[in-house]
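Colleague: Here you go, sequence then predicted model.
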Amino acid sequence: MRSGLNRRSFLTTAATVAGAAAMAPLLSACGGGSDKKAAANTKEGLKAALPAYVPNANAVKPDIASVQGAGDAATDPAYLSYPASPPTSVSGVPGKGGSYTAITPLWGTAPPVGNSFYQAMNKALGVELTVKPTDGINYNTIIPTMTAAKKLPDWINLPSWLNSNFNTGGLVGTQLADLTPYLSGDNIKKYPNLAALPTGAWQHGVWGDKLYGIPCFSTGFGIPGATFYRRDILEARGITADQIKSADDLMNLGKELTDAKRGVWAFDDVWTYLQFAWNVPMKWRVDNGKLVHPFETQEFLEALDWHNRLATSGYMHPDALAGDVSNGSTRFYSGKTLIGGGGLGAWNLSDQQSGAAADPNYRRGAFNAITADGKGTPVIYMGAAASMISYLNAGLKPAQIEELLAVANYLAAPYGTAEYTMVNYGVEGVHHTRVNGAPTFTEEGKKDVQVTTYSFLAASGSVISNPGGEQVTRDYAGWSAANVKYLTKPPFWGMNLSMPQAIASADAAQNVNDTIKDCYHGKKKVSDVQDAIASWRSGPGERLKQWMTDNVLNKYGTGQ
Amino acid sequence: MSTAAPKRPAGPARLTWRTRLRRDKSLLLMTVPAVVLLLVFNYVPLFGIVTAFQEYDPLVGVWHSEWVGFDQFQQLFGDPAFWASMKNTLYLSFVQLVLFFPIPIALALLLNSVVSERIRNFFQSVVYLPHFFSWVLAVTIFQQMLGGAGVLNQFLRQHDIGTWDIMTNPHTFALLVTSQAIWKEAGWGIIVFLAALSAINSELYEAAAADGAGRLRRMWHITLPGLRGVIVLMLVLRLGNALSVGFEQFLVQRDAVGHEAADVLDTFSFYYGIATGGYSYGAAAGLFKSVVSLLLIWGANKLAHAFGEDGLYRR
């Protein structure tokens, strides 16, 4: 008995040791990637490849119109209600009966294969489109096995943040079809709904001066995030967003709002989005023709110093200081924290519902962009105008490509049209019914309709719409309109860069970023960060900058 | 532990391979699933070690990645972050050895002295339970109780007594993680020792008691010698695993105390290798760790044999 037990525990322990040996290589087989060449576009080539922009005459008029900013910046149009009788934007059936396969990432539960929604969509599209929603979490590892075997489906979505994993720059032309002859310039007018997508979004699908990708959910307001606050609680105390004009104002707010004995702290993490108030560059700045990394700037150190002071001031929630991000929204909903940074994706109906469950008065607000000293013009850096990009297989014949582009045109029908209703809500009476005018899923609809399955192949531009949550739509649209004038494109915006692995690791600057986090959590001093930066600069930082200068800046410029 | 075991038959009575196979058929069959498991999840992935000598690119695969020889290791040994995590690992391992290792033994002895079976079963269930929690949950419970906004500190705050920074203090992090490990795993660790205790011949106790040996003397002369083999075995395994102090526990708390206090070899492989796409770099760190672990377990086993114990296997 005894020796048997010992042998067994030896076996399991030996397995652990062997497992440890194997762990790193095993995990390393799970995706990620590198690229041997730098892909970017020339200014003239890009211009020639991009489609013309023709606003859609059939679009439903928004309740709150889009507000134009500088360059391509514009707020998303907002709708307070859903059109009672959706207009049509596509006449006839787009397809000619071809059979195709399509793969899109799905973050959620896959609907049953061959369900009634798929059937209805195929009928409406006039093609036999076999959609295969694929686990979004493992998408980065699933797709490379397909590309390695050269077995991509006819139509596939490749999210732009995974471009380096997929080596999209290397797939275009060989496995992904060149759409330039079909869509560049006035050619796109054949597909009016696609022509209504903003030019900036198409830019993300251009590789080596040719157009390959179709953008989904394009927006002129793709910004990383904002500093949110509990509007209900602050306004009850007579504080409104327009009173906050500088970093000092925020710090004073911390003092006023923190009541640790009651378990209330003014701040959660704000660093990620607030640092730009100090005019910290987004990735790069070009000074006198030379690249400057944020780590090299005085502004960066000043921003860090303020956040370090905030962390040690006692105005930040202890759990936030302990790096507990996952409960951040719970703290915000329950009023344990009142100010926190976050992505704009948080500002929607489901957030309102979750917040109201914790506190019926819940209302999310966002501070306007500020400058740290309260002087000058604030800046908000623009992110991608579209990050979900779909591609067609290079093996398709021209007639097939045209058929699928016609299908894409259907899928890209604007908000509120009959086609949009079909793609997003299925068939009325089967998949959805109207409740107070808003399309609401039936049980069958909940089960079968996965909106992103088709929308990740092609979709109209983003809109703000929260059926049943008018206040949220008004708040978000109002904030967007007030801040769109600050939107600025950072250098290399929309250039589809891809870096070799060693450079990407240098770019990640793990050690520096770890120290930065420790600093804005109050555990390290700014001088510690300076030390980490100094050692990064002398090695990886220098190599990164050299690579960017030689392969991107000197060859293609900043893309602006 | 070897005292009661029969001596191995020496020499000539050798059976042919076939006869032995027939004799042990059912036993061999029973080991097949474990062997398959080992093969599939431990031996086959060993092939991935080659990536440590490459600039591995998942897109082109192992066969077409560039060979770089010992470049990754050269870079690794020149990386201060690597040595910092090495130092943390050894330090944590030492603290856990001193503070954690004796506790399951003591608990087993205590539990063994409880006469009532009901109380014993109840106690056993209570101390086993935390083992089945994930580290995320365990750390959350600690955070809720002892964290800056947790039960303890909120109580202190409301009574105007200064707060006590337990969860985010890098200087006492080793004690924190060891306490967490004790809370979570000590109960589970007693199983082996309980099994060893139950195998001690109870007649020995009766005889000793009849001879007038008290509680302590019986423990010293019967219980502990009876446990010695298992204790040494566990110690050997612990030493062999000295470089594996855990992964999730540190991953979850890394932001709380900062990377300098919390990075151990496994999290180093993750953050500096996998998370930033430097797979080969992470593989090199993992391989280095495994080689050192192998040497450690071999050395500890030698030592056990030198002291006349069985160690991992009988000599």
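Modeller: That came through fine. The shown structure was predicted, so the numbers you read here are calculated from the model rather than taken from an experiment.

Colleague: quick one, phi/psi of A:Ala226?
Modeller: Note on A:Ala226: backbone dihedrals following degrees, to the nearest 10 are phi -150, psi 170.

Colleague: Which residues are in contact with it?
Modeller: When contacts are counted by Cβ atoms under 8 Å, 6 or more residues apart in numbering or on different chains, A:Ala226 touches A:Tyr273, A:Gly341, A:Gly342, A:Leu344, A:Ala366, A:Phe367, A:Ala369, A:Trp479. C-beta coordinates here come from the backbone N, C-alpha and C atoms, glycine included.

Colleague: ok, now how distant is it from chain B?
Modeller: Going from A:Ala226 to chain B by Cβ to the nearest Cβ, to the nearest Å gives 22 Å.

Colleague: Can you tell me who that residue pairs with across the strands?
Modeller: A:Ala226 has these beta-bridge partners by DSSP bridges: A:Gly342.

Colleague: coming back round to it: and which of the contacts of A:Ala226 is nearest A:Gly335?
Modeller: In terms of Cβ to Cβ, no member of those lies closer to A:Gly335 than A:Gly342, at 15.9 Å.

Colleague: for the closest one, what are its contacts?
Modeller: A:Gly225, A:Ala226, A:Phe228, A:Tyr273, A:Gly328 are the contacts of A:Gly342 under Cβ under 8 Å, 6+ apart.

Colleague: So what's the predicted local confidence for it?
Modeller: A:Gly342 is assigned 89 on the pLDDT scale.

Colleague: Would you mind measuring from it to chain B?
Modeller: For A:Gly342 relative to chain B (Cβ to the nearest Cβ), the value is 17 Å.

Colleague: for the stretch 451-560 of chain A, which spans come out with low pLDDT?
Modeller: By pLDDT under 70, the low-scoring segments of the stretch 451-560 of chain A are A:498, A:560.

Colleague: One more pass at 50, please.
Modeller: Along the stretch 451-560 of chain A, segments meeting pLDDT under 50 are nowhere present.

Colleague: Leaving out chain neighbours, which residue sits closest to residue 88?
Modeller: Since no chain was named, I'll use chain A. Using Cβ to Cβ, 6 or more residues apart in numbering or on different chains and skipping the chain neighbours, the partner closest in space to A:Thr88 is A:Ala418 (4.8 Å).

Colleague: That was the other one, I meant chain B.
Modeller: Among residues not flanking B:Asn88 along the chain, B:Val264 sits closest, at 5.3 Å (Cβ to Cβ, 6+ apart).

Colleague: do A:Gly522 as well
Modeller: A:Ala311 (3.2 Å).

Colleague: same check, this time on A:Asp186
Modeller: Spatially, and ignoring its direct neighbours in sequence, A:Asp186 is nearest to A:Ala52 (5.4 Å; Cβ to Cβ, 6+ apart).

Colleague: Enumerate the positions of the helix or strand of chain B with the lowest mean pLDDT that are buried.
Modeller: Here the helix or strand of chain B ranked lowest by mean pLDDT, DSSP states H and E is helix B:61-64, holding a mean of 80. Residues of helix B:61-64 classed as buried: B:Val62 (neighbour count, 16 or more other Cβ atoms under 10 Å in any protein chain shown).

Colleague: in the stretch 1-150 of chain A, what spans have low per-residue confidence?
Modeller: For the stretch 1-150 of chain A, the stretches flagged by pLDDT under 50 are A:1-38.

Colleague: While we're on residue 186, how confident is the model there?
Modeller: Answering for chain A, as no chain was given. For A:Asp186, the model assigns a pLDDT of 95.

Colleague: ah, I was thinking of chain B
Modeller: On pLDDT, B:Ala186 comes in at 91.

Colleague: Now it. Its backbone dihedrals?
Modeller: phi -60, psi -40.

Colleague: Tell me, how many residues neighbour the residue nearest to A:Thr88?
Modeller: Around A:Ala418 there are 17 other residues, counting by other Cβ atoms under 10 Å in any protein chain shown.

Colleague: what does the one 3 residues further on give?
Modeller: A count of nearby residues for A:Thr421, using other Cβ under 10 Å, gives 20.

Colleague: what about the residue in the stretch 151-300 of chain B positioned nearest to chain A, how many neighbours?
Modeller: Residue nearest to chain A within the stretch 151-300 of chain B: B:Asp255 (2.2 Å; Cβ to the nearest Cβ). Using other Cβ under 10 Å, B:Asp255 has 21 neighbouring residues.
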